[in-house]
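Trainee: take a look and give me a structure for this.
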Amino acid sequence: MELGKLKAALSNKISPEISDDGKNKLASVMIAIYGTEPNIIMTEKSETMNSHAGEISFPGGKFDKKDNDLLDTALRETKEEIGLEISKNKVIGQLKPVTTLNSGFKIIPFISILDSVPNLRANHEVKTILHIPMIPFLKTLADDPNPHHKSIQEMHTFTFENKIIWGASARMLKQIVDLMSSQNLI
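Mentor: Have a look, this model is predicted:
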């Protein structure tokens with residue numbers, strides 16, 4: 001896939017400002033895509049985490065008062081969790097906010113497209129760093145079979161190496177599928 005077409009499909013205005021309605025805790029994640037046969041980076045959280053233990057997610061975390069905005073949060077957390085330093089000028093867009101249902105976070109997903117990534121190293125929050133071939137992965141989109149989830153809101157799943165990606169991460173990935181499908185890229 002031509003990265004230029006992918007960038008065009010996923011680029012949009014970046015609005016990292018903090019809009020707190022007081023209902024949710026604020027967080028952000030970085031969706032890092034790299035390579036000519038694009039790969040997407042996700043993490044498997046450590047089983048020792050207080051929330052989201054063992055789940056597959058994007059690098060990121062909660063807003064810290066030291067962060068200027070939610071983009072700073074995503075960049076900081078990505079560097080802390082997997083050792084990937086991304087400059088602001090490599091961030092091409094963001095997705096619509098997604099809310100976690102069990103922990104009450106409002107998450108802003110930012111997107112970065114890179115030519116390549118260096119060797120990454122996981123911190124204590126991350127069990128495994130996953131380098132997922134993007135196009136085959138996005139084609140695993142399915143409706144979440146859990147009837148309880150469907151009663152809450154639109155839910156989907158994706159699969160990679162027998163790992164199920166669901167919840168907020170899957171809702172972010174579904175937005176990517178929709179954007180890419182509108183440009184006939186998948």
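Trainee: quick one, strands of this structure?
Mentor: Secondary structure of the chain (DSSP state E): strands located at 25-34, 39-45, 56-57, 60-62, 91-94, 98-99, 105-114, 126-133, 142-143, 156-160, 163-165.
Trainee: so where's this structure uncertain?
Mentor: Low-confidence regions of the chain, defined here as pLDDT under 70, cover residues 1, 18-24, 47-54, 144-154.
Trainee: what's the single longest helix in this protein?
Mentor: Longest helix in the chain by number of residues, with DSSP state H as the criterion: helix 167-182.
Trainee: tell me the buried residues in that one?
Mentor: In terms of neighbour count (16 or more other CB atoms under 10 Å), helix 167-182 has its buried residues at 167-177, 179-180. Placement of C-beta: from N, CA and C, glycine included.
Trainee: next one: it to chain centre, how far?
Mentor: 10 Å (CA atoms, centre = their mean, to the nearest Å).
Trainee: repeat for stretch 122-135
Mentor: That offset, for stretch 122-135, works out to 11 Å (CA atoms, centre = their mean).
Trainee: again, but for stretch 119-130
Mentor: Shown here is stretch 119-130, whose average C-alpha point lies 15 Å from the average C-alpha point of the whole chain (CA atoms, centre = their mean).
Trainee: that one: which residues count as buried?
Mentor: Along stretch 119-130, the positions that meet the burial threshold by neighbour count (16+ other CB under 10 Å) are L120, A122, E125, V126, K127, I129, L130.
Trainee: try stretch 100-115
Mentor: Applying a neighbour-count criterion of 16+ other CB under 10 Å, one finds T100, F105, K106, I107, I108, P109, F110, I111, S112, I113, L114 buried in stretch 100-115.
Trainee: out of the residues you listed, who's nearest G83?
Mentor: Distance from G83 was checked for each of the buried residues of stretch 100-115 by CB to CB. The minimum falls on L114, at 13.7 Å.
Trainee: list the contacts for that closest one?
Mentor: Contacts for L114 (CB atoms under 8 Å, 6 or more residues apart in numbering) come out as A32, I33, Y34, I86, K90.
Trainee: please apply the same query to T78.
Mentor: M30, A32, P59, G60, L84, E85, I86.
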